[in-house]
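# Sequence below, structure please.
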Amino acid sequence: MNTPSLNDDLDQTTTPLTSSSPTENDLQNLVQYGLTDAVRDRFAAICAKDSELEPGRVARVDGITTFVHSMSTDYRAVSTFARIAHDDEFEIEPAQPTVGDWVLVRPGQDQDPDELELVLSRTSLLVRKRVMRGKEEGDEQVLAANITTVFIVQAATYFNSNRLEREVALVWGSGAVPVVILSKIDLLEDVDPAEIVEQAQISAPEVDVFAASGITGEGTDPLRQFTEAGSTVVLIGASGVGKSTLVNQLMGDEVMDTGDIRESDARGRHTTVTRQLLPLPNGGILIDTPGIRTIGLVSGSEDALAKTFSEVEQYFGQCKFRDCGHVGEPGCAIAEAIADGRLLESRFESYKRMGRELEHDRTKGVAGAKTDHQRRMRVIAKGHRLKASIEKRKGSS
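Sure thing, here's the model as predicted:
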């Protein structure tokens with residue numbers, strides 16, 4: 001919900017720098033943190049109206065304190081009353097600053113704390129739904145903002161196709177571009193990394209997939225094309241998959257502690273405990289994140305799901321019956337595509353499973369929706385049983 005404008009004459013055009021606006025030299029410190037011309041123009045326009053505000057970028061969030069890199073100093077600001085600032089207006093609801101946000105801080109006077117007052121509207125926002133033991137916790141976790149690329153990291157030694165599908169959908173929904181990195185190829189024994197890459201490409205069609213080692217550096221050079229000046233890259237993945245080792249390799253220095261996946265349960269140890277923003281030697285920005293155990297899609301991710309499973313959606317509307325449920329009806333285009341090898345059944349099952357989750361989330365507050373959802377689940381289960389029975393009869397004949 002929006003309120004009256006911050007300034008009636010504030011628009012998207014470049015505002016000439018005045019004595020009260022930050023100069024080019026003032027903003028130079030922010031270039032190393034990914035400052036773009038568009039962000040510079042927004043800062044200049046706002047600061048021309050309120051010269052006390054200090055532009056900056058969020059580098060880390062520690063509870064209620066936000067660590068901000070500014071033009072000439074760093075701030076530990078509170079963000080209780082922060083709001084999203086659009087081109088000429090701001091939102092009433094408080095904003096939740098996250099790493100990568102471009103913000104304006106009002107320095108505190110005397111004993112007053114520094115206040116993070118405004119958050120510029122975001123070009124992208126990576127958000128996941130918190131999930132615990134297969135159940136919703138009811139809230140969302142904002143991971144990073146204003147990112148251009150997301151490195152989805154999985155250990156080649158513990159590749160998980162179902163998780164990768166969710167990670168790709170999560171990234172497409174953010175507005176950023178996904179890139180898959182299969183790490184720890186130096187630990188592969190008697191397995192060609194190309195085989196794992198091929199598996200990943202099935203789960204992530206139309207997405208670049210790279211095999212790399214953060215220890216030896218093998219395969220990391222092609223990743224630098226995504227980390228040039230003006231770009232912001234965030235790494236996501238489970239604990240222990242090699243994110244921090246890759247960060248060290250891309251940074252050219254040991255800036256992060258590293259850990260491994262436990263062999264006892266294939267789970268990793270947290271070595272990164274908070275999201276933080278790191279300037280890269282070649283001008284880009286890297287955001288490392290703590291390991292994410294579960295990937296829950298937020299409401300409104302239907303378009304991201306469609307992009308992730310584009311080879312599934314191309315058959316919709318081609319079935320004999322318009323109300324085809326794709327559970328064994330005659331003339332089902334999906335069933336025919338699976339039968340002749342044009343579509344993998346595992347991909348269709350993943351699509352349906354994630355689609356049901358989104359539908360349930362969208363209708364969970366609607367009267368009668370739970371009963372309808374349960375009815376659909378019974379129909380789907382009946383279709384699976386019928387299919388299994390037919391296959392069993394074919395096998396015995």
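# in what helix or strand does the nearest residue to Thr308 once chain neighbours are set aside lie?
In space, and not counting its chain neighbours, Thr308 is closest to Ala169: 4.3 Å by C-beta to C-beta, 6 or more residues apart in numbering. For the C-beta atoms, the positions are set from N, CA and C on the backbone; glycine is no exception. Assessed by DSSP states H and E, Ala169 sits inside helix 161-174.
# Parallel or antiparallel, which strands does the helix or strand that comes right after that helix pair with?
From helix 161-174 onward toward the C-terminus, using DSSP H and E, the following helix or strand is strand 177-183. Under the criterion DSSP bridges, strand 177-183 sits next to strand 149-155 (parallel), strand 208-211 (parallel) in its sheet.
# deepest of those strands, which one?
Of all the strands paired with strand 177-183, strand 149-155 carries the top mean neighbour count, a mean of 25, counting by mean count of other C-beta atoms under 10 Å.
# Run through who's touching that strand.
Contacting residues not belonging to strand 149-155 are listed as 126, 160, 163-164, 167-168, 171, 174, 176-184, 187, 200, 204, 223, 226, 231-238, 240-243, 246, 261 [C-beta atoms under 8 Å, 6 or more residues apart in numbering].
# Let's see that strand as PDB, backbone CA atoms only.
As requested, the backbone C-alpha atoms of strand 149-155 are provided in PDB (Å, rounded to 0.1, in the frame of the first residue of the first chain):
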ATOM      1  CA  THR A 149      22.900 -14.000 -10.600                       C
ATOM      2  CA  VAL A 150      22.400 -16.800  -8.100                       C
ATOM      3  CA  PHE A 151      25.000 -19.600  -7.900                       C
ATOM      4  CA  ILE A 152      23.100 -22.700  -6.900                       C
ATOM      5  CA  VAL A 153      25.800 -24.900  -5.300                       C
ATOM      6  CA  GLN A 154      25.400 -28.700  -4.900                       C
ATOM      7  CA  ALA A 155      28.200 -31.100  -4.100                       C
END
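# and this structure, what are its domains?
Split into domains by automatic domain parsing, the chain comes to 24-120, 125-288, 309-396.
# Strands of the stretch 101-250 of the chain, residue ranges please.
Taking DSSP state E, counting those that start in this stretch as the criterion, the stretch 101-250 of the chain contains strands spanning 102-106, 115-120, 125-132, 135-145, 149-155, 177-183, 208-211, 232-236.
# export these to a markdown table and tack on mean pLDDT and distance to Asp37?
Rendered in a markdown table, the data for the strands of the stretch 101-250 of the chain read as follows (pLDDT from 0 to 100; distance: least, C-beta to C-beta, whole Å):
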| stretch | mean pLDDT | distance to Asp37 |
| --- | --- | --- |
| strand 102-106 | 95 | 13 |
| strand 115-120 | 94 | 13 |
| strand 125-132 | 84 | 21 |
| strand 135-145 | 76 | 18 |
| strand 149-155 | 97 | 19 |
| strand 177-183 | 98 | 20 |
| strand 208-211 | 98 | 27 |
| strand 232-236 | 96 | 15 |
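# To Pro55, which of the ones you listed lies closest?
strand 102-106 (5.8 Å; C-beta to C-beta).
# I figured Ile64 hits Ala82, correct?
No. Look at Ile64 against Ala82 with C-beta atoms under 8 Å: they stay out of range, at 11.2 Å.
# And these two? Which one has more around it.
In this comparison of Ile64 against Ala82, neighbours counted by other C-beta atoms under 10 Å, the higher total goes to Ala82 at 23 against 9.
# coming back round to it: what's the angle between the helix holding Ala169 and strand 149-155?
Computed with axes from the mean of the first three to the mean of the last three C-alpha atoms, to 10 degrees, the direction of helix 161-174 lies at 170 degrees from that of strand 149-155.
# could you give me the average pLDDT of stretch 241-248?
Taken as a whole, stretch 241-248 carries a mean pLDDT of 91.
# So which bits of that stretch are buried?
Neighbour-count burial for stretch 241-248 flags Val241, Gly242, Lys243, Ser244, Thr245, Leu246, Val247, Asn248 (criterion: 16 or more other C-beta atoms under 10 Å).
# And stretch 289-306, by the same measure?
In terms of neighbour count (16+ other C-beta under 10 Å), stretch 289-306 has its buried residues at 289-292, 295-298, 301-302, 304-306.
# I'd like the residues you listed as JSON lines, with secondary structure and pLDDT appended.
Formatted as JSON lines, the entries for the buried residues of stretch 289-306 read as follows, by DSSP: H, G, I helix; E, B strand; the rest coil; pLDDT from 0 to 100:
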{"residue": "Thr289", "secondary structure": "coil", "pLDDT": "87"}
{"residue": "Pro290", "secondary structure": "coil", "pLDDT": "87"}
{"residue": "Gly291", "secondary structure": "coil", "pLDDT": "86"}
{"residue": "Ile292", "secondary structure": "coil", "pLDDT": "89"}
{"residue": "Ile295", "secondary structure": "coil", "pLDDT": "89"}
{"residue": "Gly296", "secondary structure": "strand", "pLDDT": "88"}
{"residue": "Leu297", "secondary structure": "coil", "pLDDT": "88"}
{"residue": "Val298", "secondary structure": "coil", "pLDDT": "87"}
{"residue": "Ser301", "secondary structure": "coil", "pLDDT": "91"}
{"residue": "Glu302", "secondary structure": "helix", "pLDDT": "93"}
{"residue": "Ala304", "secondary structure": "helix", "pLDDT": "95"}
{"residue": "Leu305", "secondary structure": "helix", "pLDDT": "95"}
{"residue": "Ala306", "secondary structure": "helix", "pLDDT": "94"}
